[in-house]
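# Here's a sequence, model it:
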Amino acid sequence: MFLPIIIFIIGYALIALETPVKVDKSATALLLGVAIWVYYILVGDGIFSYTGFLDNYGNYKITNPEGSFIDFVSKQELVLSIGGIAEILFFLMGAMTIVETIDHHNGFSVITDKISTNSRRKLLWILTLLTFVLSTVLDNMTTTIVMCALLRKLVTKRKERWIFAGLIIIAANTGGALSPIGDVTTIILWMNGQVTAGTLILKTFIPCVIALLVPLSFISLSMKGNFERPASQVIETLRPIPIKIKYLVIILGIGGLLFVPIFKSITNLPPFIGMLCSLAILWLITARIHYRYSGGQFSVSKVLERIDTSSILFFLGVLLAVAGLQSMGFLNLFANGMMSAFADNTYGINISIGTLSSVIDNVPLVAGAIGMFPLTVFETDHSFWLFLSYCVGSGGNLLIISSAAGVAAMGMEKIDFLWYLKRISLWALLGFFAGAGAFILLDKWVY
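Here you go, the predicted model:
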């Protein structure tokens with residue numbers, strides 16, 4: 001019965017050891033996702049009950065209308081899982097295309113030209129704090145994509161960029177944890193009525209800042225000297241693109257990303273629809289610009305050729321594997337077991353969930369918590385929900401594949417799993433517990 005867990009651990013290890021074993025993590029992730037679903041449909045009948053699909057709010061949406069286990073898995077659970085995965089992948093593709101379009105127009109030079117420092121330490125603080133602010137209004141994955149693209153325009157050496165990218169991941173996750181629109185889990189808690197926006201920001205701001213400043217302070221001590229800027233790379237065109245076009249494209253691009261949560265709140269449609277809307281508007285406007293200024297050399301269709309498809313497939317494989325474990329009930333089993341072990345201590349429950357979120361997707365963990373503890377147990381804005389938001393957000397910093405931000409940065413910068421574990425994870429863990437301690441103290445003595 002527990003063979004899928006063994007398969008997942010083996011696949012997880014191969015992803016982590018991509019560099020020494022010389023097996024591409026995208027191929028491993030795809031094979032892992034396929035293997036778990038193949039196991040489920042071949043041997044699952046009689047082992048796993050027809051529990052149905054657990055949605056983001058902890059509610060079972062279906063039973064077994066097909067009557068056949070094979071039909072139940074292939075036509076119900078797999079289809080619904082693919083729907084959720086597709087939302088994430090289309091969102092990611094839209095965000096990456098917008099960012100690449102800005103980059104293709106050399107739009108990031110508008111920002112990089114204003115960062116005059118060559119000091120590694122100063123740049124680390126600038127990028128990290130900028131990421132933290134952006135992640136409160138953008139989701140953490142989009143923020144990471146934008147900042148990693150910006151980082152490439154500032155620092156030449158890839159392994160040197162890894163340090164900056166590690167802090168960008170931490171800043172994106174901690175910033176997202178305090179905002180109702182900054183992360184999928186906070187959106188779930190906010191939309192489902194567990195938290196209100198003002199209280200969430202007020203009571204998690206200090207813990208999230210501490211969770212960021214602890215690793216940032218320690219890591220910045222080792223950042224000495226100056227960094228090397230890359231040579232300016234401008235795509236040759238029939239006519240030099242005017243500076244006003246660079247400003248227009250970066251404003252449209254960043255504005256489009258900021259528009260996504262607004263679109264979500266107005267229409268109640270999934271965020272990927274808003275992202276595709278923003279991409280379409282940028283595409284239409286730049287199409288006119290191409291006709292006038294560059295003879296089509298800046299077409300978005302050319303930008304699509306630069307999208308990192310390997311990272312998209314890596315996402316697909318990992319999310320398929322997690323969805324398979326969720327459908328078989330393993331994620332709920334783990335979440336319930338952890339929460340049962342700390343039944344009388346809400347702080348312990350949340351810290352355990354936060355730690356568990358370093359290896360298991362935080363969305364089903366939050367969904368499991370919502371399902372186990374309805375609002376009749378913990379009312380809106382109870383410290384349980386606020387601390388849960390902090391813990392699952394900051395817990396995503398502990399490993400690079402613990403969060404969407406980490407996976408996005410890993411794909412864009414080809415960051416080695418073991419390198420992150422050695423250089424970033426310890427400081428992220430210290431920040432996690434420091435912020436957790438601050439929340440508990442504030443909750444007991446101030447709030």
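
# check contacts around Tyr390.
Residues counted as contacts of Tyr390 (C-beta atoms under 8 Å, 6 or more residues apart in numbering) are 177-178, 204, 207-208, 211, 350, 354, 435-436, 439. For the C-beta atoms, the positions are set from N, CA and C on the backbone; glycine is no exception.

# whoops, I mixed them up, Lys203
383, 386, 439, 442-443, 447.

# Which secondary structure element is home to Thr144?
helix 140-152 (DSSP states H and E).

# tilt between the helix or strand just after that helix and helix 140-152?
The C-terminal neighbour of helix 140-152 among helices and strands, as given by DSSP H and E, is helix 158-177. Angle of helix 158-177 versus helix 140-152, following axes from the mean of the first three to the mean of the last three C-alpha atoms, to 10 degrees, is 150 degrees.

# Flag every buried residue along helix 158-177.
Residues of helix 158-177 classed as buried by neighbour count (16 or more other C-beta atoms under 10 Å): 161-177.

# Could you pull up the mean pLDDT of that helix?
Helix 158-177 shows a mean pLDDT of 91.

# Tell me who's in contact with the residue lying closest to Met275 once chain neighbours are set aside.
Distance criterion C-beta to C-beta, 6 or more residues apart in numbering; nearest residue to Met275, sequence neighbours excluded, is Gly94 at 3.7 Å. Gly94 makes contact with 272, 275-276, 278-279, according to C-beta under 8 Å, 6+ apart.

# 7 Å instead, please
Residues in contact with Gly94 (C-beta atoms under 7 Å, 6 or more residues apart in numbering) are 272, 275-276, 279.

# now the helix or strand where it lies and helix 140-152, what's the angle there?
Element membership of Gly94, judged by DSSP H and E, is helix 78-104. Here helix 78-104 runs at an angle of 30 degrees relative to helix 140-152 (the same axes, to 10 degrees).

# Past helix 78-104, which element shows up next along the chain?
helix 109-112.

# elements contacting that following helix?
helix 243-267 (3 or more C-beta pairs under 7 Å, 6 or more residues apart in numbering; DSSP states H and E).

# So what's the gap between the helix it packs on and the chain middle?
Offset of helix 243-267 from its chain centre (C-alpha atoms, centre = their mean, to the nearest Å): 20 Å.

# what sits against Gly435?
Residues near Gly435 by C-beta under 7 Å, 6+ apart: 207-208, 210-211, 390, 394.

# now with 8 Å?
Gly435 is in contact with 174, 207-211, 214, 390, 394, counting by C-beta under 8 Å, 6+ apart.

# Can you tell me which of the residues you listed has the most neighbours?
Thr174 (35 neighbours; other C-beta atoms under 10 Å).

# Please list all residues in contact with it.
Thr174 neighbours (C-beta under 8 Å, 6+ apart): 132, 135, 208-209, 211-212, 393-394, 397, 431, 435.

# Recalculate using a threshold of 6 Å.
208, 211-212, 394 (C-beta atoms under 6 Å, 6 or more residues apart in numbering).

# What lies in contact with stretch 109-120?
123, 153-154, 223, 225-227, 246, 250.

# make that stretch 262-274, sorry
87, 90-91, 260.

# how does it look with 8 Å?
With C-beta under 8 Å, 6+ apart as the criterion, stretch 262-274 contacts 86-88, 90-91, 94, 139, 181, 187, 259-261, 277-278.

# circling back to that earlier point, among the contacts of Gly435, which are in helices?
174, 207-211, 214, 390, 394 (DSSP state H).

# now, among these, which is nearest to Val195?
Using C-beta to C-beta, Tyr390 is the member of those that lies nearest Val195, at 11.0 Å.

# now that closest one: how far from Ile188?
Tyr390 is 15 Å from Ile188, where distance means C-beta to C-beta, to the nearest Å.

# How about Asn268?
Counting by C-beta to C-beta - Asn268 and Ile188 are separated by 14 Å.

# Could you do Ile273 as well?
Separation of Ile273 from Ile188 (C-beta to C-beta): 17 Å.

# who has more neighbours, these two?
Remark: of Ile273 and Ile188, Ile188 carries more neighbours, 21 against 17, as counted by other C-beta under 10 Å.

# my guess is the more buried one contacts Ile370, does it?
Yes. Counting by C-beta atoms under 8 Å, Ile188 touches Ile370, with 7.4 Å between them.

# Isn't Leu138 up against Gly256?
No. Contact criterion C-beta under 8 Å: Leu138 and Gly256 do not qualify, at 10.7 Å.

# Show me which of the two is the more surrounded one.
Shown here are Leu138 and Gly256; by other C-beta under 10 Å, Leu138 has more neighbours (27 against 23).

# Find the nearest non-adjacent residue to Met410, please.
The nearest residue in space to Met410 (C-beta to C-beta, 6+ apart) is Ile400, at 5.2 Å.
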